[in-house]
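Q: the following block contains a protein sequence and its predicted model.
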Amino acid sequence: MHALAINGREIPLNAKGLLQNFEDWDEDVARAMADEDGIELSDCHWTAIRFMREYYQEFEIPPSPKTMAREVGHKLVEYGKCNGKKLQELFPKGGCKHACRIAGLPMEYCHSC
């Protein structure tokens, strides 16, 4: 089993590198996971990550790729720094599944992405 060491905490990951516990996630965990994947998180990434976490907390499933593109794309356009078309490029290792990982969502809920 792999773990992330962050600020004196050991955050357990499963064999696929996903958080074992949704509650262990915080922005430092997201940054560490993104660093492992060679990504520097921008404001655009954070918009997508926060949307995924909020959606999951409300509905107990991740948003579909279509919902993600529509809702996050809309927010990104409003934000003015990037656009919805770039959403897939933000998470190059699998789009929605990659975003699920960095957002700390459980794997069993990210298979539909």
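A: Cool, the structure landed. Residues are numbered from 1 along each chain as shown.
Q: how many neighbouring residues does Asn14 have?
A: 12 (other CB atoms under 10 Å). All C-beta atoms are positioned from the backbone trio N, CA, C, and that covers glycine.
Q: again, but for the one 3 residues further on
A: Neighbours of Gly17 under the rule other CB under 10 Å: 13.
Q: who's in contact with it?
A: By CB atoms under 8 Å, 6 or more residues apart in numbering, Gly17 lies in contact with His2, Met33, Glu36, Arg101.
Q: now do 7 Å
A: Contact partners of Gly17, counting by CB atoms under 7 Å, 6 or more residues apart in numbering, are His2, Arg101.
Q: now do it against Arg101, distance only.
A: Here the criterion is CB to CB, to the nearest Å. By it, Gly17 lies 7 Å from Arg101.
Q: show me where the protein has strands.
A: Using DSSP state E, the strands assigned to the chain run over residues 3-6, 9-12.
Q: tell me the phi and psi of Gln20?
A: Main-chain dihedrals, Gln20, degrees, to the nearest 10: phi -80, psi -30.
Q: what mean pLDDT does stretch 50-66 get?
A: Averaged over stretch 50-66, pLDDT sits at 87.
Q: Serialize the strands of the chain to JSON lines and add fields for mean neighbour count.
A: Shown next, in JSON lines, are these (neighbours: other CB atoms under 10 Å):
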{"stretch": "strand 3-6", "mean neighbour count": "13"}
{"stretch": "strand 9-12", "mean neighbour count": "14"}
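Q: out of these, which comes closest to His45?
A: Among those, strand 3-6 comes nearest to His45, with 17.7 Å by CB to CB.
Q: can I get the closest one as PDB, trimmed to CA atoms?
A: Backbone C-alpha positions of strand 3-6 (Å, rounded to 0.1, in the frame of the first residue of the first chain) are rendered in PDB as follows:
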ATOM      1  CA  ALA A   3       0.800   6.500   1.200                       C
ATOM      2  CA  LEU A   4       1.400  10.200   0.900                       C
ATOM      3  CA  ALA A   5       3.300  11.900   3.600                       C
ATOM      4  CA  ILE A   6       1.900  15.400   4.000                       C
END
